[in-house]
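Asker: Got a predicted structure plus its sequence, pasted below:
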Amino acid sequence: DEEACVVLSKFTRLKCRLMPYLYQKAAEATETGTPVMRPMYMEFPEDPACDTLDRQYMLGEALLVAPVFREDGRVDYYLPAGKWTHLLDGRVVAGGRWMRETYDFLSLPLWVRENTAVPMGSREDTAEYDFEKDVEVRCYQVNAPVQVTVPDVHGRPALTLDLRREGEKLVCAARGGKEYTIIDIREE
């Protein structure tokens, strides 16, 4: 029906914007064997709460996804220690705890781990485009050095950014690439 089309459209546009990140993770998977969709214990081996989590996963090292399985939209999931920023609504919460929330069809638990940079593409209408052109690098709660790589359409590094915090300022050293914007997302 029409509502399903709206939902599909929203998440397809999001996936298209995330293609620089997703494509880089796919290239890493090819090189290293580390999967794009990772069990929680793979990213948080020191957290025993992650050992048996099977209804949520990490998408690469930066994004935590907890799919909605219930008709009423209720989701119970675990956020490991640290600050987490909700990708869709911008909320920042402290982890190390269980969350119980209710979502509608146009949202889901999609959290960004602190001290990560997620490249977002400029296109929402296709998954095939020049990823490094007009890329937006969103830096989430970056307080320690972070490196982010944006691939070209062949999976090779096209832009590499080394980011570090100097006081209140986020400093960037770039290699390669075309036009990019850095967005510093920090808890107010």
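Answerer: Thanks, I have the structure now.

Asker: can you tell me which residues contact residue 107?
Answerer: 88, 89 (Cβ atoms under 8 Å, 6 or more residues apart in numbering). (C-beta placed from N, C-alpha, C; glycine too.)

Asker: cool, and the one 3 residues further on?
Answerer: In this structure, residue 110 makes contact with 63, 64, 65, 86, 87, 88, judged by Cβ under 8 Å, 6+ apart.

Asker: what's the longest helix in the chain?
Answerer: Assignment by DSSP state H gives helix 2-17 as the longest helix of the chain.

Asker: Setting the sequence-adjacent residues aside, check what's closest to the spatially most central residue of the chain.
Answerer: By Cα atoms, centre = their mean, the mean C-alpha position of the chain lies nearest to residue 63, the distance being 3.7 Å. Using Cβ to Cβ, 6 or more residues apart in numbering and skipping the chain neighbours, the partner closest in space to residue 63 is residue 112 (6.1 Å).

Asker: and the one you found, how many neighbours?
Answerer: Residues lying near residue 112 (other Cβ atoms under 10 Å) number 23.

Asker: isn't it right up against residue 139?
Answerer: No. When contacts are counted by Cβ atoms under 8 Å, residue 112 is not listed as touching residue 139 (9.9 Å).

Asker: Next, the buried residues of the helix or strand containing residue 181.
Answerer: Per DSSP states H and E: residue 181 is located in strand 180-185. Buried residues in strand 180-185, counted by 16 or more other Cβ atoms under 10 Å: 180, 182, 184.

Asker: could I have it exported to CSV, CA atoms only?
Answerer: Extracted in CSV, the C-alpha atoms of strand 180-185 (Å, rounded to 0.1, in the frame of the first residue of the first chain):
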residue,chain,number,x,y,z
TYR,A,180,34.1,16.9,1.3
THR,A,181,32.4,18.4,4.3
ILE,A,182,33.1,17.5,7.9
ILE,A,183,30.3,17.7,10.4
ASP,A,184,31.3,17.6,14.0
ILE,A,185,28.5,16.0,16.0
